[in-house]
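Q: Pasting a predicted model and its sequence here:
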Amino acid sequence: MKKITLIFLLFLFFSVNCSFAQVNNTTEVTLFGKKKIIKEGSLIRCATTEYEEYLKSKNPNRLSTTEFEQWIAPKIIIEKEKRRNTSKVLKQNAVITIPVVVHVIHNGDIIGTNENIFDQQVISQIQVLNEDFRKKAGTPGFNTNPVGADVEIEFALAKRDPSGILSNGIDRVDLGQQSWSTDEINSFVKPRTQWNPEKYLNIWVVKFTENDLLGYAQFPSTSGLPGINADEGPANTDGVVIGYSFFGSSSYFPGGTYVTDYDKGRTTSHEMGHWLGLRHIWGDGGCDVDDFCADTPNSGQENQGCPTGVDSCPLSPGLDMIENYMDYTNDACMNIFTADQKTRMITVMNNSIRRVSLKTSDALVPGVTFANDAMTMILNLNINCSKNFSPVIKIINKGTSPLTQASIQYGIDNQNLQTYNWTGNLANNESQDITLNSLTTTEGNHNFNSTIISTNGTTDQNASNNSSTINFDISNSLNYSSNTVNFSLQLDHYGTETTWKLTNTAGNILYDGGPYTDTGNETGPLPALINTSFNLPNNDCYTFTIFDSQGDGICCDYGDGFYTLKTPTDQVIVSSGAFEGAESTKFSINSLSTNEVKNLNSIYLYPNPTSNILNIVVENKLEAPEAYTIVNSLGQIIKSKKIESEEDLHVNVSNLTQGIYFLKLSRNQSETNTIRFIKK
């Protein structure tokens, strides 16, 4: 694409921010800490100017695009000449393989749930990259365009981690947070989790706080320009970031989580082009702005969907190359890197810092193994409202010897640990799922951990993969004083997208609703608030689920919708509205009678919450209790004691697990009062 004007865009980093909307309206998004108004119904897959401003504010010495092109232009000439003088055989032998580590960033979800995607979804993405960059015949990455090129770059998941241990190149990291802003990713996620960028191409798969973001990449760095300060760029942010539902291919792994039209892995192919120095085919400007590749026809702007016969620059030869990976078209429409784009990427791989070093990385040399090495992985906790659950874990033989025995220690919050002694016969990389004994927990945030403490009757030789931990929350399993639950629903303007249901433990639908009616006017008032009540039997577990068929919840782009479940005393079970395709909440009804649960004017507890001693304070000695009983949230009696002295009013609860309890105080065998307390 021969063009005249260069605009100041970026050098050391490159970003692609993507948004996804439904209808013609405007909304406000935050890109790298700054607000931006976008038109809903349009597709914004790159915010290069915003990211450049962000990076330039962090580092005033960053080079301009003009300076970068001055540096790379003579190297491209040398590369072209070198390739002209190289035999075809040598060209084939010169294929570059880039070692990749994929960091799956999650918050403790079971593998295959939400952002903690399956291994197969990761593997499908590597397959797409290799098909696209190698123009492989018989795949979606093949094309017959005369300028379509086999880039001669391949990607492979790393076979060793930075410590030299055998790896599959997939690094699952629980950072205890579900979603991340672009600022948080650059300042926290990347530096904390990155593997050496001189040996690995780092790809982070995350859930963005900006739900309409697809991904972004860091442009290649270099140095040595005369008169310019050397600026290699922050190494600890180098790599590519992709939203988890845009990573991988539904064609190769249908069991993954994807968004329609962006489910063939081309977001990553696009970002990888940026990581290797490519610009968008319209040069991030118009018909007079260059992308520095002569074989991509002029384009006046990005293209979306799958258009045909587009000529946005009629005064220049050629139609828009909507099938180029560096346009914005749907995944299924992309299949071309051109010869000039190839030359540019090979030049970067042969010259740019942290790119050229990947060619000599040892990351694809298999790491060390051990004879006795077992690995554990948590698959499912099987939690329900009764707070009783039977965890399912996977044991994997990573050692070279057959795995015939393992002792596994497990428990909640590292308390009351149990041991499971497994026996069997697993060859290398074979695995078996194990259902552990039932555990009981309390309301609140907890973690479950399983750790291998011995393998084949001896010490496991690789402690780095012995332990697996998952966080979970039992925040909605509360005891209520009423079996009535009040439901309020404020729809947005698109009521036809909303449905909901309430089910019991057996999965029977007790109540449901929707779809509703659209308002037909986005600027008009929202529909009337819907109110109803559920009468629920005691001692059962209930699941409330709300669905949005378009995957954008009921708040806030198309009206400030919300839903709330409350008790008659306004105790909130759940209140939300900003979700994606669906949102579920479990809760239980284990009500204590109304005349039991009340706070006495003359008796109170302190401190509450407490972690050690719970003090019973009796202001009116005539109402002094004669005994107390501690009951957990399941109604089970934990401890009973007669109150015979002042010392008995100081209750030691240090041995209780964290959660909500009830202290039942009784006197004269007929008066019973209950006070709720929290063990922290």
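A: Received the coordinates, thanks.

Q: Correct me if wrong, but Glu184 is in a helix.
A: Yes - with DSSP: H, G, I helix; E, B strand; the rest coil as the criterion, Glu184 is part of a helix.

Q: Give me the spatial nearest neighbour of it, chain neighbours excluded.
A: Thr209 (7.7 Å; C-beta to C-beta, 6 or more residues apart in numbering). Heads up, the C-betas are built off the backbone N, CA and C, glycines and all.

Q: how far away is that neighbour from Asp557?
A: Distance, Thr209 to Asp557, by C-beta to C-beta, to the nearest Å: 15 Å.

Q: now swap in Ile474 and tell me
A: Taken as C-beta to C-beta, the spacing of Ile474 relative to Asp557 amounts to 32 Å.

Q: For the closest residue to Ala582 other than its chain neighbours, which three-state class applies?
A: Once flanking residues are discounted, Ala582 sits nearest to Phe547: 4.8 Å by C-beta to C-beta, 6+ apart. The local conformation at Phe547, judged by three-state DSSP, is strand.

Q: what's the neighbour count on Phe547?
A: The number of residues packed near Phe547 is 18, by other C-beta atoms under 10 Å.

Q: and what of Ser640?
A: Residues contacting Ser640 under the criterion other C-beta under 10 Å number 12.

Q: Checking my notes, it in a helix, right?
A: No - under the criterion used here (three-state DSSP), Ser640 is strand, not part of a helix.

Q: doesn't Asp648 make contact with it?
A: No - taking contacts as C-beta atoms under 8 Å, Ser640 lies outside contact range of Asp648: 11.8 Å.

Q: circling back to that earlier point, beta partners for the residue nearest to Ala582?
A: According to DSSP bridges, the partner residues bridging Phe547 are Thr499, Ala582.

Q: can you check Leu157 too?
A: The residues paired with Leu157 through beta bridges, assigned by DSSP bridges, are Val100.

Q: what do you get for Ile378?
A: Ile393.

Q: what comes up buried for stretch 524-540?
A: Of the residues in stretch 524-540, those buried by neighbour count under the rule 16 or more other C-beta atoms under 10 Å are 526-527, 534, 536, 540.

Q: Could you do stretch 400-407 as well?
A: Judged by neighbour count using 16+ other C-beta under 10 Å, the buried positions of stretch 400-407 are 403, 405-407.

Q: Among these, which are located in strands?
A: When the buried residues of stretch 400-407 are checked against strands (DSSP state E), the matches are 403, 405-407.

Q: These: which two are farthest apart?
A: Checking these against each other with C-beta to C-beta, the farthest-apart pair comes out as Leu403 and Ser407, at 12.1 Å.

Q: of Thr209 and Asp557, who's got more company?
A: Neighbour totals were compared for Thr209 and Asp557, and Asp557 leads with 23 against 16 (other C-beta under 10 Å).

Q: tell me the contacts of the residue nearest to Asn608 when sequence neighbours are not counted?
A: Using C-beta to C-beta, 6+ apart and skipping residues adjacent in sequence, the residue nearest Asn608 is Phe677, 4.8 Å away. For Phe677, the contact set (C-beta atoms under 8 Å, 6 or more residues apart in numbering) comprises 605, 608-610, 614, 660-663.

Q: Name the secondary structure element that contains Phe677.
A: With secondary structure defined by DSSP states H and E, Phe677 is part of strand 671-679.

Q: Work out the gap between that strand and the centre of the chain.
A: A distance of 40 Å separates the C-alpha centroid of strand 671-679 from that of its chain, computed with C-alpha atoms, centre = their mean, to the nearest Å.

Q: Renumber starting at 15 from here on
A: Sounds good: first residue 15 from here, last item strand 685-693.

Q: Next, the buried residues of it.
A: With burial defined by 16+ other C-beta under 10 Å, the residues of strand 685-693 counted as buried are 686-689, 691-693.

Q: avg pLDDT for that strand?
A: Summarised as a single mean, pLDDT over strand 685-693 is 73.

Q: again with stretch 538-547
A: Taken as a whole, stretch 538-547 carries a mean pLDDT of 93.

Q: from the middle of its chain, how far away would it be?
A: Using C-alpha atoms, centre = their mean, the mean C-alpha position of stretch 538-547 is found 33 Å from that of the whole chain.

Q: Could you do stretch 281-294 as well?
A: 22 Å.

Q: what about that stretch, average pLDDT?
A: For stretch 281-294, the mean confidence score works out to 93.

Q: what are the C-alpha coordinates of that stretch, in CSV please?
A: Output in CSV follows, covering the C-alpha atoms of stretch 281-294 (Å, rounded to 0.1, in the frame of the first residue of the first chain):
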residue,chain,number,x,y,z
THR,A,281,-8.3,-12.1,17.2
THR,A,282,-5.0,-13.7,18.3
SER,A,283,-3.7,-14.0,14.7
HIS,A,284,-4.5,-10.2,14.3
GLU,A,285,-2.7,-9.3,17.6
MET,A,286,0.2,-11.6,16.7
GLY,A,287,0.6,-9.5,13.6
HIS,A,288,0.9,-6.4,15.8
TRP,A,289,3.4,-8.1,18.1
LEU,A,290,5.5,-8.8,15.0
GLY,A,291,5.4,-5.2,13.7
LEU,A,292,2.3,-5.1,11.4
ARG,A,293,0.0,-2.1,11.1
HIS,A,294,-3.6,-2.1,10.1
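
Q: Now it: buried residues?
A: For stretch 281-294, the neighbour count (16+ other C-beta under 10 Å) marks 281-294 as buried.

Q: In strands, which of those residues appear?
A: Restricting the buried residues of stretch 281-294 to those inside strands, with DSSP E as the criterion, leaves an empty set.

Q: now these in JSON lines, with distance to Gln191?
A: Listed next are those as JSON lines, based on distance: C-beta to C-beta, whole Å:
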{"residue": "Thr281", "distance to Gln191": "22"}
{"residue": "Thr282", "distance to Gln191": "23"}
{"residue": "Ser283", "distance to Gln191": "28"}
{"residue": "His284", "distance to Gln191": "27"}
{"residue": "Glu285", "distance to Gln191": "23"}
{"residue": "Met286", "distance to Gln191": "26"}
{"residue": "Gly287", "distance to Gln191": "30"}
{"residue": "His288", "distance to Gln191": "26"}
{"residue": "Trp289", "distance to Gln191": "25"}
{"residue": "Leu290", "distance to Gln191": "30"}
{"residue": "Gly291", "distance to Gln191": "32"}
{"residue": "Leu292", "distance to Gln191": "32"}
{"residue": "Arg293", "distance to Gln191": "33"}
{"residue": "His294", "distance to Gln191": "32"}
